[in-house]
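>>> Kindly generate the corresponding structure for this input.
(one chain, ligands or ions: 2)
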Amino acid sequence: MIDIGDVTQTSAPCDLHTRHIPESRINMRHHVWPLADGGPDIEDNIIAVCPTGHYNIHDLLEQYRMNMGRAHYAITRRFSLAERHYAKLGYDRLTRGYM
Ligand SMILES: [Zn+2]
Ligand SMILES: [Zn+2]
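Ligands and ions are numbered 1, 2, ... in the order given. The predicted model follows:
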């Protein structure tokens, strides 16, 4: 394992998907409750995500933000169950203001 700042080269799966096609060799540290929104920089608030998953989770979190925690199934169905889980958890944490 080689750490390059927030990016880790790894053969381990990310926390969002059990498999990747093509294979992902990079994981990033994502703050479920984003640092930019006052989220804490602690392990309980951090998950390992592949670049695609990272993009998706921020995309869906933005959807929840624009719609007060709701997202139509036509949108959420494009995301994996884990992406939905962590995007919603992030929204819940940042709106309530604690873990
Ligand atoms: Zn992130
Ligand atoms: Zn992934």
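>>> State the distance from the residue most central in space within the chain to ligand 2.
A centroid search over the chain (C-alpha atoms, centre = their mean) returns I57, at 4.2 Å, as the residue closest to the centre. Distance, I57 to ligand 2, by C-beta to the ion, to the nearest Å: 10 Å. Where you see a C-beta, it was placed from the backbone N, CA and C, and this is true even at glycine.
>>> for E83, same thing?
9 Å.
>>> Same question for T10.
Per C-beta to the ion, T10 is found 11 Å from ligand 2.
>>> residues touching the residue nearest to the centre of the chain, list them.
L16, H30, V49, E83, Y86, A87, G90 (C-beta atoms under 8 Å, 6 or more residues apart in numbering).
>>> Recalculate using a threshold of 6 Å.
E83, Y86, A87 (C-beta atoms under 6 Å, 6 or more residues apart in numbering).
>>> Tell me the residues of the chain that contact ligand 2?
For the chain, the residues in contact with ligand 2 (C-beta under 5 Å from the ion) are C14, L16, H17, C50, G53.
>>> will you turn the residues you listed into CSV that also has pLDDT, distance to I42 and secondary structure?
Below are the residues of the chain next to ligand 2 laid out as CSV (pLDDT from 0 to 100; distance: C-beta to C-beta, whole Å; DSSP: H, G, I helix; E, B strand; the rest coil):
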residue, pLDDT, distance to I42, secondary structure
C14, 93, 19, coil
L16, 95, 20, coil
H17, 93, 24, coil
C50, 93, 22, coil
G53, 94, 21, helix
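>>> what's the closest of those residues to S24?
C50 (4.0 Å; C-beta to C-beta).
>>> ok, the closest one - how many residues close by?
Residues lying near C50 (other C-beta atoms under 10 Å) number 21.
>>> same deal with E83?
Neighbours of E83 (other C-beta under 10 Å): 24.
>>> then the helix or strand hosting it to CSV, C-alphas only?
Per DSSP states H and E: E83 is located in helix 81-96. Extracted in CSV, the C-alpha atoms of helix 81-96 (Å, rounded to 0.1, in the frame of the first residue of the first chain):
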residue,chain,number,x,y,z
LEU,A,81,-27.2,0.6,-2.2
ALA,A,82,-24.0,1.6,-0.3
GLU,A,83,-23.7,4.9,-2.2
ARG,A,84,-27.4,5.7,-1.2
HIS,A,85,-26.7,4.7,2.4
TYR,A,86,-23.6,6.9,2.8
ALA,A,87,-25.0,9.9,0.9
LYS,A,88,-28.1,9.8,3.1
LEU,A,89,-26.0,9.3,6.2
GLY,A,90,-23.9,12.3,5.2
TYR,A,91,-26.9,14.4,4.7
ASP,A,92,-28.4,13.4,8.0
ARG,A,93,-25.2,14.1,9.9
LEU,A,94,-24.6,17.5,8.3
THR,A,95,-28.2,18.7,8.8
ARG,A,96,-28.4,17.5,12.4
